[in-house]
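Asks: Provide a 3D model corresponding to the input given below.
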Amino acid sequence: MSDMTPIHGFDSRTFRDALSKFATGVALITTRHRGRAVGIVVNSFASVSLEPPLVLWSIHKDSRRRPAFEETTQHAIHILSVAQRAQCLALTRDSGAFDGLPLVDKPDGPPLIEGCLARFETEPFTRVEAGDHITLMQKVVTTAHRDSDPLVFFDKGFGHLFKGPQ
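Replies: All right, here's what the predicted structure looks like:
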């Protein structure tokens, strides 16, 4: 593997650059905190278990959005489509930037985004502190999905996944 950049000792920038080579889906997590819709974009979403249905995602310990997700019990996880790229970018900068997103506003629950590939409405199951992040494991209470092209994150940017012939 002589064409790869080696890490001598540990360099967090090189580590982060190496992690960026793993393409991931993009998820938007929403909740309602103190009467206000709050969203956060993550690429740390993963399935955990079918019985019971569990998923997880992680949030940085220093995130200003962390209290909103730790103090609420109803979240919605949206797997974004490539058509939602612009709205995704807006939400990475502003946790309340829901303009332009087709929204089903549930006053007693998390805002639901239309047009996503999949949506999981969840409730807390457990949490684990690990390094500079907290992993929130959540139980899925409802789910929905549709066919479309996914938004992916790769090499520090958003992209499109081409699904070839099967």
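
Asks: where exactly do the helices run in the chain?
Replies: Per DSSP state H, the chain carries helices over the ranges 12-19, 66-70, 85-93.

Asks: Throw these into TSV and include mean pLDDT, distance to Gly157 and mean neighbour count, thanks.
Replies: In this view, the C-beta of every residue, glycine as well, is placed from N, C-alpha and C. Written out in TSV, the entries for the helices of the chain read as follows (pLDDT from 0 to 100; distance: least, Cβ to Cβ, whole Å; neighbours: other Cβ atoms under 10 Å):
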stretch	mean pLDDT	distance to Gly157	mean neighbour count
helix 12-19	82	13	11
helix 66-70	93	25	17
helix 85-93	74	10	16
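
Asks: ok, which of these comes nearest Gly159?
Replies: Nearest of these to Gly159, taken as Cβ to Cβ: helix 85-93 at 9.1 Å.

Asks: Ile77: which of the helices of the chain is closest?
Replies: It is, among these and with distance given as Cβ to Cβ, helix 66-70, at 10.9 Å.

Asks: by contact count, what packs against the closest one?
Replies: Helices and strands touching helix 66-70, by 3 or more Cβ pairs under 8 Å, 6 or more residues apart in numbering; DSSP states H and E, are strand 27-33, strand 36-42, strand 54-60, strand 133-145.

Asks: okay, those, which one's buried deepest?
Replies: A comparison of the helices and strands packed on helix 66-70 by mean neighbour count, using mean count of other Cβ atoms under 10 Å, puts strand 27-33 on top with a mean of 24.

Asks: now what about it, what contacts it?
Replies: For strand 27-33, the surrounding residues in contact (Cβ atoms under 8 Å, 6 or more residues apart in numbering) are 37-43, 45, 57, 67-69, 71-72, 74-80, 84, 88, 91, 106-113, 116.
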